[in-house]
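>>> Build me a model:
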Amino acid sequence: MDGAIQFFTLAMEPETKALARALRRRDPDVFDALIEQYEYRLYRYLFYLTGSAEAARDMFQETWLRVLARGHQYDGVSRFDSWLFSIARHLVIDASRRKSMDSLDELLDPAGAGSVQEPRTPEAASPLAAYACRELQDRLGTLLARLPAIYREVLLLRFQEDLKLEEIADVIRVPLATVKSRLYRGLSAARKLLEEQEA
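Below you'll find the model as predicted:
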């Protein structure tokens, strides 16, 4: 193992172990800090998966209730955000089953869905910067909405949530080779869509 990676892993371990202990104790201060730290990322992830602000809000709340109820299951070995996104993903799948949908793809790509727009960033920005950011978000949201769900999810986890390929495999419970394949195909499909937009 590379020395820098090994140092980073060792430096990271005490923090995740301490977090695991705090979750087992149901420490309200740690829980509040986690919600504040991951609020935007988790909501954005759920929003993109469901395409619905209402569904994303409901699943956002349910995800944190599960974290509170099952905090003792977090082992402190893996990254917390991987564990959190895994819980959220399972809630989306459960919701699709309750609605007797055939697959996660149907939930993510409902018939007649328009463009999906990313929720706005929480940081304040100048009006010009905010306009440029909104325009880019709208374009990316439209592009992502046109991608098949299995590619969209991998692209979101890799490039928005900055998860490693191994962590994505853990979240979506598929082999690493499948993650690599979906990422490659998703990028190829996104490239083609961008070329069509600019043609």
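
>>> low-scoring stretches of this structure, by residue?
1-14, 99-139, 199 (pLDDT under 70).

>>> Just give me the residue right at the centre of it.
When C-alpha atoms, centre = their mean is applied to the chain, the residue found nearest the centroid is Tyr45 (3.8 Å).

>>> what's the helix or strand for that residue?
Assigned by DSSP states H and E, Tyr45 falls within helix 28-50.

>>> Now do the contacts for the residue nearest to the centre of the chain.
85, 88, 156-157, 160-161 (C-beta atoms under 8 Å, 6 or more residues apart in numbering). No exception for glycine: its C-beta is placed from N, CA and C like everyone else's.

>>> cutoff 7 Å now
The neighbourhood of Tyr45, defined by C-beta atoms under 7 Å, 6 or more residues apart in numbering, consists of 85, 88, 156, 161.

>>> Could you list which of the residues you listed belong to helices?
Among those, the residues falling in helices (DSSP state H) are 85, 88.

>>> any chance of the contacts of Tyr45 in TSV, with neighbour count too?
Shown next, in TSV, are the contacts of Tyr45 (neighbours: other C-beta atoms under 10 Å):
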residue	neighbour count
Phe85	28
Ala88	25
Leu156	20
Glu161	19
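
>>> follow-up on the earlier one: show me the contact partners of the following helix or strand past the helix holding Tyr45.
Downstream of helix 28-50, the next assigned helix or strand under DSSP H and E is helix 53-69. With contact meaning C-beta under 7 Å, 6+ apart, helix 53-69 is reached by 26, 31, 35, 42-43, 46-47, 50, 84, 87-88, 91-92, 95.
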